[in-house]
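Visitor: fold the following for me, if possible:
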Amino acid sequence: MDIDITKLKSDIEDSINIDLTYSFTKEELEGTDLIELNNVKINGNISKDSINEYTIDVDVKGIMVLPCAITLDPVDYPFNVKISGNLEEMLQEINENSKKIENSIDIFPIIWENILMEIPMKVVSEKAKNIKLEGDGWRLITDETRGNINPEFQKLSQLFEEK
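Guide: Down below sits the predicted model:
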């Protein structure tokens with residue numbers, strides 16, 4: 001996502017408009033919970049302030065596909081992120097090598113980092129909300145039911161408290 005800033009750098013223009021649609025590859029999604037992330041819309045601008053520092057102001061919108069926490073079925077999760085601030089500071093915060101800005105700026109690391117922060121801890125599909133979560137000799141233990149511990153196992157937990 002290299003943005004050409006030649007006209008901005010030479011004061012021909014006050015700001016550069018960004019209007020991109022980006023689909024992330026499987027390799028880029030590796031190591032995340034994301035199954036798919038296509039057609040992400042990036043709209044905004046890059047400008048130079050009074051002290052010749054570059055600022056970015058963009059909206060990132062899209063739909064991330066995540067696995068359901070119960071069934072592992074794909075679930076669409078819409079997101080909308082507003083990114084605004086100093087470009088060099090943002091690149092330093094995410095430990096991206098902040099090389100001297102010549103004629104282009106790669107905004108991909110900033111966009112990617114902000115999308116990753118929007119991934120929820122868990123999502124549940126509409127189909128899974130009505131699923132029976134217990135059966136013959138088993139049941140799903142959630143945070144709410146965790147307090148009901150079998151008395152036999154309660155004695156075991158006391159062993160760890162004594163240390």
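Visitor: state the phi and psi torsions of the residue most central in space within the chain.
Guide: The centre of the chain sits closest to Leu116, judged by Cα atoms, centre = their mean, with a distance of 2.0 Å. Reported as degrees, to the nearest 10, the phi and psi values for Leu116 are phi -60, psi -30.
Visitor: I'd assumed Thr32 was in contact with it.
Guide: Yes: the pair Leu116 and Thr32 qualifies as a contact (Cβ atoms under 8 Å) at a distance of 6.7 Å. C-betas here are computed from N, CA, C, even on glycine.
Visitor: which helix or strand in this protein has the lowest average pLDDT?
Guide: Every helix and strand of the chain was ranked by mean pLDDT, DSSP states H and E. The lowest is helix 151-162, at a mean of 71.
Visitor: can you show me the helices along the chain?
Guide: 6-9, 26-29, 87-93, 108-116, 151-162 (DSSP state H).
Visitor: just put those helices in CSV and tack on distance to Ala128.
Guide: Supplementary listing: these in CSV, determined by distance: least, Cβ to Cβ, whole Å:
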stretch, distance to Ala128
helix 6-9, 48
helix 26-29, 22
helix 87-93, 36
helix 108-116, 24
helix 151-162, 28
